[in-house]
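[1] this one's sequence-less:
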DNA sequence: AAGTTGCATGTAATCGATTACATAGGGTTG
DNA sequence: CAACCCTATGTAATCGATTACATGCAACTT
């Protein structure tokens, strides 16, 4: 069996030890393969003695069921696809960890598909769902759904359970895990107003983003609640990235009358914006207050530290994973789960 | 077969359209399943006419090979495991994207395993490799390897191809993709010295981290190159996190004689450190210069913007994935790939 | 013309687990 | 004691693709 002798057809020169199969376990435990399978899947359906022998044999052989075989027969993959718009966005990482740990505990693996640009996204999603490579998917991105409905060319196999995380999908009848973006945005707006700010700018997310719409509604709601007028000139377009924040900052710097406070709908934008203001010689919060959204790691160490909305990211991930697991295992899942946010007050916002 | 009528065994009441199998394609194209399989895997081994008919039938049915079946037969999963110490660390995200895109192009999927704490790590790695759920793995974490060698209990199936990314694994005979940490650290050290700094502090990574060792060697090398003495009092322990940077900052602030420059071996630490210095009333770079390592997104928008070492993160990921794919497909792969770094000069470092 | 070679294709075994169905034996009931 | 039921277990079909081997046919060699 080694690079020396082996005249008699030994294992191909593969050093790897052949993994134990269910048959090996069955033989060792002196039962049939059916019993081994049952001992694992439905312990109560085999006698205690047989089960003991099986478990012992499994321990001895180090048997692990072959997922391909199991999957082929049972039509389940024990894999979940996580679709997200941008892996390098800090915001998602803790969410992912929450998802991963919950999935892992339930015996599921996680496949990540980073959409990044438009073109591939459909491809990725289709490739995995269509091929039956995953049992379900968690979507951290709302847009994608529209297209996937029964286009002729693509396989009509989109029937796998889905869960939407953070980005609600409009007409879709799937569980949505989210925070109350509207309430949070309203809260922040009122917080700013309470400190005496009258001209509050708003740096938005991507235009047709559902999350953005909610936050925008919340912003307007907040203004209304404190009796401030809504001024379209104070809306600055953004897309949650650092660069968008930088650009928004340039816009502000160039203005003759500036707002006294800026509410950025992501911490990245707030940090980019503060950077630009600073370069232009404006001081935060003395000259202008800046608030963020998300409470990413860097929010606390930004200079000045960022007042923002804390989202329970890990918990969001866990909740999404749990909801999906419920669906996958035939249980029902609440249609909508809302986790609480928290207003985190730091140094980037001051009273007028 | 069902509680209602349907006498002639209709499809079970599953709305999902049954995915096309190779048999359906074969029937439609009027060939055998073997020919269909060959038309896909070895196009040159079937006649052009047959191939055309097969392709047409595939287009018509929307056939996608069932990965479980393929995997069962061919003993390949077309999945790669990526093991990393901390998903929420900004540094990894772009690397992941590089890995993912390269894998995807080659038809491989990516499974991510975030080690986070110690206990699970072995579990995750073992669970996936042992079960044959993946064909290979990319390790972004060096430690793990020691344990996995032939422990009695665990399945001896660690024979899958591995690639080490960024964290070289000492004795292991596997391809290593990395940057020249030593040269980069030396370069930065000399850069600081050239600007007149004589007392340069060094904020380290985790003690037994290989990457850290290289950078530390580079630091000492750099000192030597410019004729500066090595002063152990100027070494401050860290672990690459923001918090470690904050702590290092507190340490510095408390000192009576302070270094004029600090070389942090990660941008996170540099940013945390600057934050603390600032809070203590010290100005960067006027009172003290700060340099980082990695060039993460936030480095450019920190205040002041951070002088650091740029690592080609996406390319690192791509290189690692390519190397692994080479191995998986039986080609050989260079044992060591080194990508170039770049010294990025910004505002956090000034001449004395 | 008989033998050889090689290509295109088909037939069927195979991968390893799950599970419908069959069966044997022990216990219960009238 | 016969009829029945229930439990524990075994037998073998099955999931869908890959691929070793077999076959048929055409072209070429001597």
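    Okay, I see it. Everything numeric in this text was worked out from a predicted model, so none of it was measured. Residues are numbered from 1 along each chain as shown, chains lettered A, B, ... in the order given.
[2] which SS state does the closest residue to residue A:198 other than its chain neighbours fall under?
    Leaving aside its sequence neighbours, residue A:198 sits nearest to residue A:228 (Cβ to Cβ, 6 or more residues apart in numbering or on different chains; 6.4 Å). Where C-beta positions appear, they are placed from N, C-alpha and C, glycine not excepted. For residue A:228, the assignment made with DSSP: H, G, I helix; E, B strand; the rest coil gives coil.
[3] pLDDT value on residue A:228, please?
    Looking at residue A:228, its pLDDT is 97.
[4] now do the contacts for it.
    The neighbourhood of residue A:228, defined by Cβ atoms under 8 Å, 6 or more residues apart in numbering or on different chains, consists of A:193, A:198, A:200.
[5] most neighbours, which of the residues you listed?
    Counting neighbours by other Cβ atoms under 10 Å in any protein chain shown, residue A:200 leads those with 24 neighbours.
[6] bridged to it, which residues?
    Note on residue A:200: beta-bridge partners by DSSP bridges are residue A:261.
[7] what sits against it?
    Going by Cβ under 8 Å, 6+ apart, residue A:200 touches A:189, A:192, A:193, A:223, A:228, A:234, A:259, A:260, A:261, A:262, A:263.
[8] and the fourth one, how far from residue A:185?
    Translated: residue A:223. Using Cβ to Cβ, to the nearest Å, we find residue A:223 at a distance of 10 Å from residue A:185.
[9] same check, this time on the fifth one
    Separation of residue A:228 from residue A:185 (Cβ to Cβ): 14 Å.
[10] next one: the third one
    To residue A:185, residue A:193 is 13 Å away according to Cβ to Cβ.
[11] give me the common contacts of these two.
    By the contact definition Cβ under 8 Å, 6+ apart, residue A:193 and residue A:185 are jointly contacted by residue A:222.
[12] go ahead and confirm residue A:25 touches residue A:58.
    Yes: with contacts counted by Cβ atoms under 8 Å, residue A:25 reaches residue A:58, the gap being 5.6 Å.
[13] tell me the SS of residue A:113?
    Per three-state DSSP, the secondary structure class of residue A:113 is strand.
[14] pretty sure it contacts residue A:85?
    No: using Cβ under 8 Å, residue A:113 is not in contact with residue A:85, being 10.3 Å away.
[15] so where's chain A shaky on pLDDT?
    A:1-18, A:116-130, A:142-158, A:167-172 (pLDDT under 70).
[16] tell me where it has helices.
    Under the criterion DSSP state H, chain A contains helices at A:22-29, A:33-41, A:48-61, A:67-74, A:90-105, A:118-130, A:181-194, A:210-225, A:242-254, A:267-279, A:313-328.
[17] contacting residues around residue A:299?
    Per Cβ under 8 Å, 6+ apart, neighbours of residue A:299: A:267, A:270, A:271, A:292, A:305, A:306, A:308, A:344, A:346.
[18] closest point of the stretch 251-352 of chain A to DNA strand D, which residue?
    residue A:328 (18.8 Å; Cβ to the nearest atom of the strand).
[19] residue A:161 is in contact with that residue, correct?
    Yes: counting by Cβ under 8 Å, residue A:328 does reach residue A:161; the two are 5.8 Å apart.
[20] need the residues touching each of the two.
    Residues within reach of residue A:328 and of residue A:161 at once, by Cβ under 8 Å, 6+ apart, are A:135, A:136.
[21] picking up where we left off before, which one's more surrounded, residue A:113 and residue A:85?
    residue A:113 (26 against 21).
[22] excluding sequence neighbours, find me the nearest residue to residue A:193.
    In this structure, residue A:193 finds its nearest non-sequential neighbour in residue A:226, 4.1 Å apart by Cβ to Cβ, 6+ apart.
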